[in-house]
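> Need the 3D shape of this:
(one chain, ligands or ions: 1)
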Amino acid sequence: MSTDPNSKSSAGQTSGFDNFDTFATDYRSIHNDNIKLSGADSDYFSEYKIKEIKRVEGTAQVQQILDLGCGDGNSARFFYQHFPYAQTQGIDISADSIEEAKKRQIPGANFRPYDGSHIPFEDNTFDVCLIATVLHHIRFVHHPDLLREVLRVLKPGGRLYIFEHNPWNPVTRKVVDNCVFDKDAVLLSPPYSKRVVREAGFSQVSNTYTIFFPRSPLFRPFVPLEPFLGFIPVGGQYFTRGVK
Ligand SMILES: C[S@@+](CC[C@H](N)C(=O)[O-])C[C@H]1O[C@@H](n2cnc3c(N)ncnc32)[C@H](O)[C@@H]1O
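Okay, here's the model as predicted:
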């Protein structure tokens with residue numbers, strides 16, 4: 001794991017791995033193993049992101065959701081729970097992960113592979129786009145073009161949510177260092193994420209920090225405080241939000 005955006009040498013590929021096909025079938029069990037010190041499992045971390053989006057979206061109309069880099073589709077399960085009237089479209093460069101996602105037959109969700117650059121949807125299609133722990137696998141030089149593609153497919157006023165690991169949190173760095181599918185990861189600093197989203201053409205760009213406490217029983221009473229701590233830049237993860 002590195003935080004140096006120039007540390008990758010291979011030119012012309014969007015991802016450090018050819019893709020995540022290698023991990024398609026056992027992604028969740030590897031992830032569960034990797035994060036067990038946190039006191040929560042992989043499903044917890046998938047769901048908390050959707051709950052954060054729900055909290056910020058409030059009563060906004062959300063009918064069409066894009067899950068870019070959806071992997072095995074776990075987020076779609078929680079979109080269905082928390083946004084039951086919305087349709088989720090998951091896309092990923094890993095064809096095998098997409099096959100896993102399809103097998104799960106998640107209500108309200110469709111999945112398709114794509115080339116990693118050209119989002120296979122019309123302009124102005126989505127209300128919300130989620131990009132969850134994906135950009136640290138994509139070479140930084142490709143971020144602006146991909147984010148401009150997201151801008152294209154969002155409706156006017158549509159919202160982008162990028163969830164990333166926070167390189168300023170030492171526990172997060174350790175977890176990422178020990179994770180087999182994060183060997184290629186180059187973490188995005190919070191100011192970088194804000195800048196690249198703003199420069200892609202989004203407005204009202206903000207960072208919110210999350211996951212301040214372990215989820216073990218000892219710390220559980222403090223977890224409800226986290227929404228009030230979102231401005232403190234040491235949470236284990238953060239999300240960058242922008243509006244088209
Ligand atoms: C750490 S996994 C996260 C999966 C999912 N977002 C989640 O939260 O469970 C990273 C995913 O990003 C995908 N990915 C890598 N480069 C991509 C690209 N250019 N476009 C879309 N997905 C990409 C990988 O194939 C992999 O499924």
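> mean confidence for the longest helix anywhere in the chain?
Longest helix in the chain by number of residues, with DSSP state H as the criterion: helix 42-57. Model confidence over helix 42-57 averages 95 on the pLDDT scale.
> For the helix or strand following that helix, which outside residues touch it?
Beyond helix 42-57 in the direction of the C-terminus, DSSP states H and E gives the next helix or strand as strand 64-68. Strand 64-68 is touched from outside by 73, 75-76, 79, 83, 86-91, 119, 121, 125-132, 134, 146, 150, 153-155, with contacts defined as Cβ atoms under 8 Å, 6 or more residues apart in numbering. Glycine gets a C-beta too; all of them are placed from N, C-alpha and C.
> So which of those are in strands?
87-91, 126-132, 154-155 (DSSP state E).
> Which among those count as buried?
Restricting the ones in strands among the contacts of strand 64-68 to buried positions leaves 87-91, 126-132, 154-155, with burial counted as 16 or more other Cβ atoms under 10 Å.
> and the residues you listed as CSV, adding distance to residue 176 and pLDDT?
CSV is the format used below for those (distance: Cβ to Cβ, whole Å; pLDDT from 0 to 100):
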residue, distance to residue 176, pLDDT
87, 32, 98
88, 26, 98
89, 28, 98
90, 23, 98
91, 24, 98
126, 29, 98
127, 31, 98
128, 26, 98
129, 23, 98
130, 20, 98
131, 17, 98
132, 15, 98
154, 29, 98
155, 34, 98
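> Tabulate those residues in TSV, adding columns for distance to residue 97.
Putting those into TSV (distance: Cβ to Cβ, whole Å) gives the following:
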residue	distance to residue 97
87	20
88	15
89	15
90	9
91	10
126	20
127	24
128	21
129	18
130	15
131	15
132	13
154	23
155	27
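> what's the most distant pair in those residues?
In these, two members sit farther apart than any others by Cβ to Cβ. They are 132 and 155, at 20.4 Å.
> and the longest helix of the chain, how far out from the chain's middle?
Centre-to-centre, helix 42-57 and its host chain are 10 Å apart (Cα atoms, centre = their mean, to the nearest Å).
> Just the C-alphas of that helix, formatted as PDB.
What follows is helix 42-57, C-alpha atoms only, in PDB (Å, rounded to 0.1, in the frame of the first residue of the first chain):
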ATOM      1  CA  SER A  42     -18.100  -7.100   5.800                       C
ATOM      2  CA  ASP A  43     -21.900  -6.800   5.600                       C
ATOM      3  CA  TYR A  44     -21.700  -4.200   8.400                       C
ATOM      4  CA  PHE A  45     -19.200  -2.100   6.400                       C
ATOM      5  CA  SER A  46     -21.400  -2.400   3.200                       C
ATOM      6  CA  GLU A  47     -24.500  -1.400   5.100                       C
ATOM      7  CA  TYR A  48     -23.100   1.600   7.000                       C
ATOM      8  CA  LYS A  49     -22.200   3.300   3.700                       C
ATOM      9  CA  ILE A  50     -25.800   3.000   2.500                       C
ATOM     10  CA  LYS A  51     -27.100   4.300   5.900                       C
ATOM     11  CA  GLU A  52     -24.800   7.300   5.600                       C
ATOM     12  CA  ILE A  53     -26.100   8.000   2.100                       C
ATOM     13  CA  LYS A  54     -29.700   7.700   3.500                       C
ATOM     14  CA  ARG A  55     -28.900  10.000   6.300                       C
ATOM     15  CA  VAL A  56     -27.500  12.700   4.000                       C
ATOM     16  CA  GLU A  57     -30.200  12.200   1.300                       C
END
